[in-house]
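A.B. asks: after the sequence you'll find the predicted model.
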Amino acid sequence: MKLSKVECIIKPFKLEEVKEALTHFGISGLTVYEVRGFGRQRGHKEIYRGTEYKVDFIPKLKIELLVTADQVDDVVDVVVNAAKTGAIGDGKVYVTPIESLVRIRTGEKDIDAL
Amino acid sequence: MKLSKVECIIKPFKLEEVKEALTHFGISGLTVYEVRGFGRQRGHKEIYRGTEYKVDFIPKLKIELLVTADQVDDVVDVVVNAAKTGAIGDGKVYVTPIESLVRIRTGEKDIDAL
Amino acid sequence: MKLSKVECIIKPFKLEEVKEALTHFGISGLTVYEVRGFGRQRGHKEIYRGTEYKVDFIPKLKIELLVTADQVDDVVDVVVNAAKTGAIGDGKVYVTPIESLVRIRTGEKDIDAL
Amino acid sequence: MKSNGMMGLTGRLFRSRALLGAAALLLMAGAAWAQEEAGPSAEQFSLNNLLLLLSGALVFWMHAGFACVESGLTQAKNTVNILSKNVIIVCLGGVSYFIIGFGLMYPGEFNHWIGFGGSGFGPVSPEDYGDYTIFTDFFFQAVFAATAATIISGAVAERIKFASFIVVALLFVTFIYPIAGSWVWGGGWLTDLGFKDFAGSTVVHSIGGWAALTGAVILGPRRGKYTADGIRPIVGHSMPLATIGVFILFLGWFGFNGGSVLAMDSGAVSMVYVTTFLAGCAGGIGAMLASWIVLRKPDITMILNGILAGLVGITAGADTIAPWPSLAVGAIAGVIVVFSVVTLDRIKVDDPVGAISVHLVCGVWGTLAVGIFSFNPDHGFLTQLIGIVAIGVFVLVTSTLAWLALKHSPLGLRVSEEEEVNGLDTYEHGLEAYPEFKSTTGIL
Amino acid sequence: MKSNGMMGLTGRLFRSRALLGAAALLLMAGAAWAQEEAGPSAEQFSLNNLLLLLSGALVFWMHAGFACVESGLTQAKNTVNILSKNVIIVCLGGVSYFIIGFGLMYPGEFNHWIGFGGSGFGPVSPEDYGDYTIFTDFFFQAVFAATAATIISGAVAERIKFASFIVVALLFVTFIYPIAGSWVWGGGWLTDLGFKDFAGSTVVHSIGGWAALTGAVILGPRRGKYTADGIRPIVGHSMPLATIGVFILFLGWFGFNGGSVLAMDSGAVSMVYVTTFLAGCAGGIGAMLASWIVLRKPDITMILNGILAGLVGITAGADTIAPWPSLAVGAIAGVIVVFSVVTLDRIKVDDPVGAISVHLVCGVWGTLAVGIFSFNPDHGFLTQLIGIVAIGVFVLVTSTLAWLALKHSPLGLRVSEEEEVNGLDTYEHGLEAYPEFKSTTGIL
Amino acid sequence: MKSNGMMGLTGRLFRSRALLGAAALLLMAGAAWAQEEAGPSAEQFSLNNLLLLLSGALVFWMHAGFACVESGLTQAKNTVNILSKNVIIVCLGGVSYFIIGFGLMYPGEFNHWIGFGGSGFGPVSPEDYGDYTIFTDFFFQAVFAATAATIISGAVAERIKFASFIVVALLFVTFIYPIAGSWVWGGGWLTDLGFKDFAGSTVVHSIGGWAALTGAVILGPRRGKYTADGIRPIVGHSMPLATIGVFILFLGWFGFNGGSVLAMDSGAVSMVYVTTFLAGCAGGIGAMLASWIVLRKPDITMILNGILAGLVGITAGADTIAPWPSLAVGAIAGVIVVFSVVTLDRIKVDDPVGAISVHLVCGVWGTLAVGIFSFNPDHGFLTQLIGIVAIGVFVLVTSTLAWLALKHSPLGLRVSEEEEVNGLDTYEHGLEAYPEFKSTTGIL
Ligand SMILES: Nc1ncnc2c1ncn2[C@@H]1O[C@H](COP(=O)(O)OP(=O)(O)O)[C@@H](O)[C@H]1O
Ligand SMILES: Nc1ncnc2c1ncn2[C@@H]1O[C@H](COP(=O)(O)OP(=O)(O)O)[C@@H](O)[C@H]1O
Ligand SMILES: Nc1ncnc2c1ncn2[C@@H]1O[C@H](COP(=O)(O)OP(=O)(O)O)[C@@H](O)[C@H]1O
């Protein structure tokens, strides 16, 4: 079966909820990146020693999930539901195809490596 | 329309310039990762308490941009122009296809989610 | 020739070995991300001021390699061999296709940009 | 103003007299005290001032310790807030104590409940003031006062508005602390009763601790700390900061207790150094063992709290509890603090740094310990209990009123959910504690 | 050599005499001073030495404070550089002051403009030297000297070559500071004039500040600070470091000012402690209010600068400005520093840590404040102004020459663009301050 | 118990007598010492106590310095472990020295090889004890003892089990250090021989250093340090921490050496301050130059080690080496330490923080330096050598036995490979030093 990579940019304080929703759903693992980003939500102004400046980049987390192609839609739903606050800056979920996967420990391939 | 992910490894001090060029071009958002890498540029030697050692990994930033397929070429040009110093280690820009995209806040899909 | 992106989640202390194996193999560069993840290996319990809690996320490194399609299998093998400890949590290697690549410094494209 | 000084001294003499009596009993007071009644010799006067000024400087230094402990044991996103509170409280405390607190705490002749001796002090003859100059007296007292206010800061951390904290801390250091303090050290009714609190297990630590308790309760816990699934620890962001802070506080305590002898009486001061040192050490050991046995790991935050617990514990009787029993006082405090921290969490009182356990609980323990271990037969358990309760009730009531008044004022007490989640630093201070992308320092 | 010691003392006596006169006026000097003229009693002599040695140790400690403040308020990529500068300047300052500076600053009998009393000191009778031993004298003066050099370090941070900084700092601490210092404290022409600078608002802080100003101007701003779009702040990388630094400096200031009484005169020393404490506190409050009102946020870096500003401000008159006016001196300094920081940025003088505003601007303010607030009628505004200008011109000229000479020497002054962008630590020191991949500590 | 106190004094008098003799020789002892034999005046007694108590507080403060240096120069993943070791060793050291060490080190009349004067101390007359109270004596000695144990901690860092370290450190501070110490400072056979070690280049630093050496050798190097390709440096995680630590230690050294005069003798104490200051400065300069020239970069970790090396170097003779030669002693120590660090790495003795080079190698150098530079003709190179060898052999043997016994006990000595690779903090302490995802502080 084909595999996909689901990447989710979320608000940091949502990590715990998203993780629990995904574990509950039954994903086998995930990887988290600390990132900073901007989009609609454009950062805020700060003042340092009298000078105003824009902090463009807002701390976000990226969650990366390897899943089988048939799980993708459900996984995306789970993340969207768990990560949503309704406020600007909630983030994105995007999916890319995976050509192959290997588990380092055992050498198992593709779906067996999940 | 199809979407693509443009990933750019750049020198950290170029972030501001690249960000401004991209904003000016009109991208809707971006995400930044702190990474370390090496390529042609192989790090430098340092000395710690009398022993010389090679610091292989040089701090870089990765910028990740989700754009429509027809924007890809222009975006790559914008980044290449803004990030170029002409010196070794300037970095790479590479493009991967995206299967789908969702905006967490609204559930909008694909191009609407940008 | 087509290019691929090989992503490897490994145990942090294996970085040096993997890097050396890859350099020896002849890859032209790589990029490292600091990440945290979980899978089979589920983190550990810690106690803070009397309360037990689970630290789910274990520090890992992600190595990202751009290689030509015909190198992929060998590169994966090299990484798997160098990164393996045989213990749970050794990580994954997965491959995604790349549409295009540019070297910022020179504007060289695709395989020339490696 | 001069008479105020002289009167202020009256109160303080109760401290040194009680001390001298006790010390004399066991330490066979020699030539040094003979001169006491007639006023100290010129050199003894200088020695007293030197001791108190340097001790005061060490007590001042404790504020750096509080700043480090509190920021180390809280999250990085609130660090600028914590640091700002600790820095500004010293500044505000010093000035307000000069204008009001000092006159309120040492009012001279007064009704033994409340009195005011005037603001600041004018030109007075330093030599006529007593065992040390009025400047020395003020300085040593002022750094104590600010300390008491700082205790509150940790317990209400990560959720209180900066401006609101400033208001409450100011009320506290200007009115609540000095009035309660005047009862014990200013010649008030607890002095009359024979209540013994050498350097402030109750007067400084418990008073601060009671206000910390009411604040923590009225504010409520930090979001996400107590969930349906149980307690979710919110881990402090830097153990080196917390550890440095405790070393600073331990060092400062030699000034806190050693200076509270209020005279360079070698026997008393040096015994106080020893009991303080041993109790602090025993507190650390007690907490390590308790956390290792009960919690299965030697939790460094507990060891650090344990050291402070031992120090708070010995503070009431550092001059009248002998070295061997001081080990017991400290070790018990170290064990108490571990159980207190756990218990407060069970009853959902959220105290990020353990301030209530260290300062209130062990402050009470230390004050009672005088009734148990003092070698001065005048010190009674019951008197100690009365003092603890009286001061506890007073501070509970007044601080609750202060917190509630502010809560219902337009200013309010607690930051918004958004601010709490994203960190107080960005919202209230417009600055992060560690603002760098580690690698983009090339441009930032 | 012994006579050098004795002569060095002559100069220093001007300080203590002026002090004593003023203090006596208001403080009704008692028995302690009666012995002064005949030489102190054995115990008074010991007391003086003890005060000065411990005060000197506290002043030494200020170097840790400078290191923390400067590294906290600059970028992580230059941290090893800043730390190295601060560490080595103490070492070099101490040794060079021993060999040259001390003899230049306290030359004994001299033409009141410049003189040299010799290198180091041989075996002398400590008792015959005066109010304290020559060793004590040297130690206390040497830690002061290194302080003055450290002030420069912050203003030129993040762009100066390590070797070049060492050369200029050495020239400064070896020649510029001691010569200007000899005019005021060494019995020179400004002593004769009645110029009053108790502990060095001008002699230490402004002197350092002038050299910092010329350095910052000649070096030019850091790349990217002033752009076509306006000022782009370069945010300091660690607020805890900066805050700890200010606490250290505040503590050290009790030694700086308290020790400058140069005798354990209880009235004077304790008053100095109080005025120093109050001015520092008021400085912090003034800066907080100014930044909150004018800049809309209580900027912690401004509060920290404000505390230092208040301390610098009171330093010239800590012994002759009474406690109430010391509040004014400090608060005004705190407000001044906020506006000065903003103004320097407007005129594109890039001072990463605010050293010029704190030490130069508030040093000038403090020296003038003596002319306004001193309770000693001998202190005149005009005399103060003359001293400020004279020393200002001297240091401006000499330090400019030093900076320019170095700039046009083969060594050069400023690092390359590449080095500045990537950080001085990697290039000049071959080591990063925080070198770890956080998670790969398994292998690194 | 009292007699124990009196006897303990006997031993200590050797130190002050030796000192006084030497100082008198060159410093023309004045009125102050005349009273010595008849017992000090009341004020002199107070002065002595004040000096020793404050000096002891400064020595206590050195533990904060060790904690900072050691955690700064090791990896983040082992930071909680290092901090815990440093904190608990003070606590355990203080208590065990009270119960056993003090009585063993100052046993009173004894066979000059080993004796025990009893546990703790009961109520004694502080005035009858000697030049200072028994409390003062104990406090000053206890903080020294804990220091010696802390030296070991750095050399065995990042691989030793927490519990095993505690056991060895306790054995060391309770038995090995006091017994060896009694030979030199307790009136033992090395005192008789005329061996001179003013404040402990050998007694504190080398003793700690020998135990550090045996520990580092028996434990073996950290994994990955010495590979087939050569040495792979394991870089310390925070240079600011390391630098702050050295400033703390330098400050503490004024108490360490200054207090070791054991009396407020102005000439001696102030000279000790000067020689200590100059040697520390010269050590930093020496190491900077050596590392710049030989290693091509001014390595800040070498500068920091160099300062400590200079301080360790002057410690044996701070009171009998004049200021000029103290510069030489320090500078040579600074150069030695650079070569020693490099050499130890060559022979694969893995000492993460340079403790062996600083404390052992420069401790030996400092003790020999007395034989070379002392102005007291009684001090001979040979006697110094005998003392060094005797104590070296004793500590080598006993500490080796202790390490080996523990290694072969069920407890074991070294953590598992897994633990070492992933960091001791998670396994042994269940807590990371910097536990935050920087950006998820919203939930953690
Ligand atoms: N075009 C984009 N490319 C890459 N990342 C993006 C893009 N747009 C948004 N992001 C990421 O998603 C985060 C949230 O996006 P934003 O537009 O602010 O909110 P929302 O998704 O609610 O409209 C950003 O902080 C950024 O990290
Ligand atoms: N084959 C590769 N795979 C992944 N990342 C690479 C690869 N080659 C280079 N990089 C990344 O790009 C950065 C710059 O590459 P480098 O070859 O040094 O310079 P240039 O692109 O100017 O030739 C590296 O530091 C690394 O992060
Ligand atoms: N489904 C997944 N999606 C994304 N990352 C994963 C996934 N499964 C595992 N990982 C990553 O790989 C690491 C190792 O996986 P784990 O299952 O613990 O060990 P192993 O690969 O040996 O079975 C995890 O910590 C996580 O970072």
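C.D. replies: Done, it's in. Ligands and ions are numbered 1, 2, ... in the order given.
A.B. asks: next, the residue in chain A that chain D sits nearest to: secondary structure please.
C.D. replies: Distance from chain D to each residue of chain A (Cβ to the nearest Cβ) is smallest for A:E46, at 4.4 Å. Where you see a C-beta, it was placed from the backbone N, CA and C, and this is true even at glycine. Following DSSP: H, G, I helix; E, B strand; the rest coil, we place A:E46 in the strand state.
A.B. asks: around chain E, pick out the residues from chain A.
C.D. replies: A:47-51, A:53 (Cβ under 8 Å from any Cβ of the partner chain).
A.B. asks: tell me which of those is nearest to F:L382?
C.D. replies: A:R49 (62.7 Å; Cβ to Cβ).
A.B. asks: residues contacting that closest one?
C.D. replies: E:233, E:299, E:301-302, E:341-342, E:345, E:354 (Cβ atoms under 8 Å, 6 or more residues apart in numbering or on different chains).
A.B. asks: list the buried ones in stretch A:48-66?
C.D. replies: Under the neighbour-count criterion of 16 or more other Cβ atoms under 10 Å in any protein chain shown, stretch A:48-66 has A:48-51, A:53, A:55-66 buried.
A.B. asks: OK, contacts around the residue in the stretch 151-300 of chain D that ligand 3 sits nearest to?
C.D. replies: Closest residue of the stretch 151-300 of chain D to ligand 3, Cβ to the nearest ligand atom: D:V235 (20.4 Å). Residues counted as contacts of D:V235 (Cβ under 8 Å, 6+ apart) are C:48, F:431, F:435-436, F:444.
A.B. asks: that one belongs to a helix?
C.D. replies: No. D:V235 is assigned coil when assessed by three-state DSSP, not a helix.
A.B. asks: and it, its phi and psi?
C.D. replies: phi -80, psi 140 (degrees, to the nearest 10).
A.B. asks: ok, A:V55 next?
C.D. replies: phi -90, psi 100.
A.B. asks: same check, this time on A:S4
C.D. replies: The phi/psi pair for A:S4 (degrees, to the nearest 10) is phi -130, psi 160.
A.B. asks: how many residues are close by it?
C.D. replies: Using other Cβ atoms under 10 Å in any protein chain shown, A:S4 is surrounded by 22 other residues.
A.B. asks: tell me where the stretch 201-350 of chain D has strands.
C.D. replies: D:226-227, D:230-231 (DSSP state E, counting those that start in this stretch).
A.B. asks: now the helices for the stretch 251-400 of chain D?
C.D. replies: D:266-294, D:300-315, D:323-346, D:355, D:362-373, D:381-407 (DSSP state H, counting those that start in this stretch).
A.B. asks: nearest to chain B, of those helices?
C.D. replies: Closest among those, using Cβ to the nearest Cβ: helix D:300-315, at 27.5 Å.
A.B. asks: and that closest one with helix D:266-294, angle?
C.D. replies: 150 degrees (axes from the mean of the first three to the mean of the last three Cα atoms, to 10 degrees).
A.B. asks: closest to D:I152 out of the residues of chain A next to chain E?
C.D. replies: The closest of those, once distances to D:I152 are taken by Cβ to Cβ, is A:I47, at 27.8 Å.
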